[in-house]
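J.: Need a 3D model of the following:
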Amino acid sequence: MALDTYAFCPCGSGKKLKFCCRDLAPEFEHMERMIEGEQYRACLEHVEKLEKKFPHRIGLMVIKGRLHLYMKEHEEAKRLFDQVLEAEPRNTTALAHRSTLNLLLREIPEAIADVQRALEAGRDPMPVDVFDSLEMLAKVLVAANIPIAARAHLQLTLASDPENSEVSAFLEQIDHSTDVPLLLKDDPDLMSCPEGFPAGDQFEEALWLARVGRWLSAEKQFTQLSESNAEVPAVWFNLALLRGWLAKNADAADALRQYSILDGVPLEAAVEAEAVARLLAPTPKEDQLPAIRITYTISDPQKLLELLLSDKRVRKSSVDASRESPEGDPPPMAVFRLLDRPCLASAENLSLDTVPNTIGQVLLFGKQTDREARAVAVGIEDESLESAKSLLREIAGTELGEASEPEVIIPCAAMRGTFNPRWHLPEDTTHDQARALVVEFGKDAYLNRWPRTATHELENKTPTDAARDPHLRLRVLAHILISELTIAEQHEKIEFNALREQLGLPTLDPIDPTTVNPRSLPACRWHRLEVDKLDDDDLIRLLSMAVRLRAERALQLVALEVINRPSLDDKVEKAYLYGELSRIEVDPLKALEYLDQGRTAAEEAGSSSAVWDLQELSLRSGMGQPQEVKRLLDHLSVEHINEPGVRQAIVRFLTDIGVLGPDGKMLPQPVQADPSEDAAGGETSGESNKIWTPNSEQGSKEKPALWTPGMD
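T.: Okay, here's the model as predicted:
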């Protein structure tokens, strides 16, 4: 297909082909066909021949750069693109492909800058290469877990290609992720120019640049404005947004903190800004603790093995023979967890005061060809490591030889003052017991221990003392807000307003939607809305947004309100809402009740109940009810197996629980552990010989995902 001589030249100069590389047009067509056929080396030879006839032509240099990029010859590709851009700084083709190269080299800030410079070139229409680079950049930001920049770039990509379903799926992936805090999923608007602002024209120009996607130029403009208008909140807020979109997270945090302390910023907005800043900024190294490894020489590994197995404060873990040791050697002969108290025989009197906690790990190695037998102790550099060393020395006695110097193996394995549970729960612990223990632990951590824990981030003060310091008050409130939002999504029964009152801080109270515009509220406030006062349209809108962003506390409130409104019977599929309520409910009995209500509603509407049976299947499995699991599998196999997706869902379930292998064949099931081994300290929870840290496990029965101040 012949090139349009009135289209932009493919060399990227921004000129029309007729007035730029018209003499090379046939060659461009020929080379593009070779590139489409992946004849990269042959095409490169052809370009080099053309360069002798047409020396110093930018278009040929760009083609060469692309070819070296496609052949993964990155250094030469970068040299060529740099050379082109030195001559033509606004060459969109070179900028787009250098951005792709920077992504391959994991130079994300440089890749963003190149895409921004290409967008700022203002080509209309913008070359396809630029949009391709923008889309790739957005996807890389998703993979790199930079949610604010990722969402912004995905939305910018969709603005240019609204029908791009793949990009929409990536955006949905972020919005649905429970790993992305709700505070980072919001889409706040840029603030408008304040009335009477002295540099109004520059402010408006910066706003226009930001809204058309030229974020780098807009950031420069707002940075200049901040230097002469440091007391204007709108300048700092917009600057923070732009820096977040550009993946300059630390700089965005600085701007948010500057915004949060200015006069005129409402307290709640200031706290939310500080909370976002805290999520974006790196945790101070002074508040981080490393994982430490200490190696001991041993003369008789079998004797030490017997001593460890015989002590009730030690639990043996299974050894994964496919995994190497921390030093890259063959797997250890045994792996143990060290506990701060003897294992419980049963869960009859289970409480925070009686449950044993893991304080460290021991890997036992026999004699090897080039190494003597040794025991490797692993722990976190705090009082628990000292306890683990003392316990190991007490158990091993003279069997434990000289210790090596402590070695850091994970620089930031835990936070100072970590409040993660490190339990080893008895085998007969029920789901209800474990959940009650999690709630009790959380309340104790938040209401008792955290207020007394000093951190560097609070200038070595405790939250109790920092709450009385006007300079640190916002940081304490932000800590609590992040905790509350995280726990709110888990529905733990912790009263954070009680903590605020205890510290003498203002509480967060219910929001009356008749006094504010509910559509302007940030997502982090949705769960405080008095939803019974919302009209039907606002309620349905909030429901949609809560589902999209996985704002589960808000979703729970809104779903219940929608279900109870007869006026919405024909506007909302209420059976679906029962499924959502069951999914987010932590009480399994209540979750089953929601499933039954959803199943009834679906059947009354003439729909299949298979989806409810499948959801109940997963729930019953998690509750440890094998007879109910078998009943549901039999029911699904007889009544629903030929319905779309049911057979695949059952196979996925059986694969997930280890009954089927990836090839669809039955896997051999483990035999029942010998009770005598368990009595001697054997481990039946299937743990491998991975390095233990306080964040890596919380016991063999329950793994609560608690977030506590000082953890992240």
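
J.: Contact partners for Pro506?
T.: By C-beta atoms under 8 Å, 6 or more residues apart in numbering, the contact set of Pro506 is Leu267, Leu477, Arg500. All C-beta atoms are positioned from the backbone trio N, CA, C, and that covers glycine.

J.: What of Ser609?
T.: The neighbours of Ser609, taking C-beta under 8 Å, 6+ apart as the test, are Arg599, Ala602, Glu603, His640.

J.: How many residues are close by the residue nearest to the second one when sequence neighbours are not counted?
T.: In this structure, Ala602 finds its nearest non-sequential neighbour in Ala575, 4.4 Å apart by C-beta to C-beta, 6 or more residues apart in numbering. For Ala575, the number of neighbouring residues by other C-beta atoms under 10 Å comes to 21.

J.: Then His471?
T.: His471, neighbours per other C-beta under 10 Å, totals 9.

J.: residue ranges for the strands of this structure, please.
T.: 288-298, 314-317, 334-339, 358-365, 374-380, 400-403, 407-415 (DSSP state E).

J.: Let's have these in CSV, adding mean neighbour count.
T.: Below are the strands of the chain laid out as CSV (neighbours: other C-beta atoms under 10 Å):
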stretch, mean neighbour count
strand 288-298, 20
strand 314-317, 24
strand 334-339, 26
strand 358-365, 25
strand 374-380, 25
strand 400-403, 14
strand 407-415, 17
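
J.: Redo these as JSON lines? Include distance to Glu386.
T.: Listed next are the strands of the chain as JSON lines, based on distance: least, C-beta to C-beta, whole Å:
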{"stretch": "strand 288-298", "distance to Glu386": "10"}
{"stretch": "strand 314-317", "distance to Glu386": "17"}
{"stretch": "strand 334-339", "distance to Glu386": "12"}
{"stretch": "strand 358-365", "distance to Glu386": "9"}
{"stretch": "strand 374-380", "distance to Glu386": "8"}
{"stretch": "strand 400-403", "distance to Glu386": "13"}
{"stretch": "strand 407-415", "distance to Glu386": "15"}
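
J.: quick one, which of these is nearest to Ser582?
T.: For the strands of the chain, proximity to Ser582 was assessed by C-beta to C-beta; strand 358-365 is nearest, at 32.7 Å.

J.: other SSEs contacting that closest one?
T.: Judged by 3 or more C-beta pairs under 8 Å, 6 or more residues apart in numbering; DSSP states H and E, the packing partners of strand 358-365 are helix 301-309, strand 334-339, strand 374-380, helix 383-396.

J.: now those as CSV including distance to Glu73?
T.: Converted to CSV, the helices and strands packed on strand 358-365 look like this (distance: least, C-beta to C-beta, whole Å):
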stretch, distance to Glu73
helix 301-309, 51
strand 334-339, 45
strand 374-380, 43
helix 383-396, 48
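
J.: JSON lines for the ones you listed, including mean pLDDT?
T.: Converted to JSON lines, the helices and strands packed on strand 358-365 look like this (pLDDT from 0 to 100):
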{"stretch": "helix 301-309", "mean pLDDT": "93"}
{"stretch": "strand 334-339", "mean pLDDT": "93"}
{"stretch": "strand 374-380", "mean pLDDT": "91"}
{"stretch": "helix 383-396", "mean pLDDT": "90"}
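
J.: quick one: which of those is nearest Leu241?
T.: When the helices and strands packed on strand 358-365 are compared by C-beta to C-beta, strand 374-380 sits nearest Leu241, at 37.1 Å.

J.: Number of residues surrounding the residue nearest to Arg435 when sequence neighbours are not counted?
T.: Spatial nearest neighbour of Arg435, chain neighbours left out: Val586 (6.6 Å); criterion: C-beta to C-beta, 6+ apart. Using other C-beta under 10 Å, Val586 has 14 neighbouring residues.

J.: What about His46, how many residues nearby?
T.: Applying other C-beta under 10 Å, I find that His46 has 18 neighbouring residues.

J.: Ok, Gln556 next?
T.: For Gln556, the count of nearby residues is 20 (other C-beta under 10 Å).

J.: Would you mind measuring from it to Leu577?
T.: Note on Gln556: its distance to Leu577, by C-beta to C-beta, to the nearest Å, is 10 Å.

J.: Check what pLDDT Gly645 gets.
T.: As predicted, Gly645 sits at a pLDDT of 91.

J.: for Glu27, that is, sorry about that
T.: 84.

J.: Excluding residues flanking it in the chain, which one is nearest it?
T.: Leaving aside its chain neighbours, Glu27 sits nearest to Leu50 (6.1 Å; criterion: C-beta to C-beta, 6+ apart).

J.: was I right about that neighbour contacting Met61?
T.: No - assessed by C-beta atoms under 8 Å, Leu50 is found out of contact with Met61, at 11.0 Å.

J.: residue ranges with poor pLDDT in the stretch 601-712 of the chain?
T.: Low-confidence segments of the stretch 601-712 of the chain (pLDDT under 70): 669-712.

J.: what about the helices in it?
T.: Along the stretch 601-712 of the chain, counting by DSSP state H, counting those that start in this stretch, helices occupy 610-622, 626-639, 646-656, 675-679.

J.: okay, these in CSV with mean neighbour count and distance to Asn460 next?
T.: Compiled in CSV, the helices of the stretch 601-712 of the chain are given as follows (neighbours: other C-beta atoms under 10 Å; distance: least, C-beta to C-beta, whole Å):
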stretch, mean neighbour count, distance to Asn460
helix 610-622, 19, 43
helix 626-639, 14, 52
helix 646-656, 15, 46
helix 675-679, 11, 45
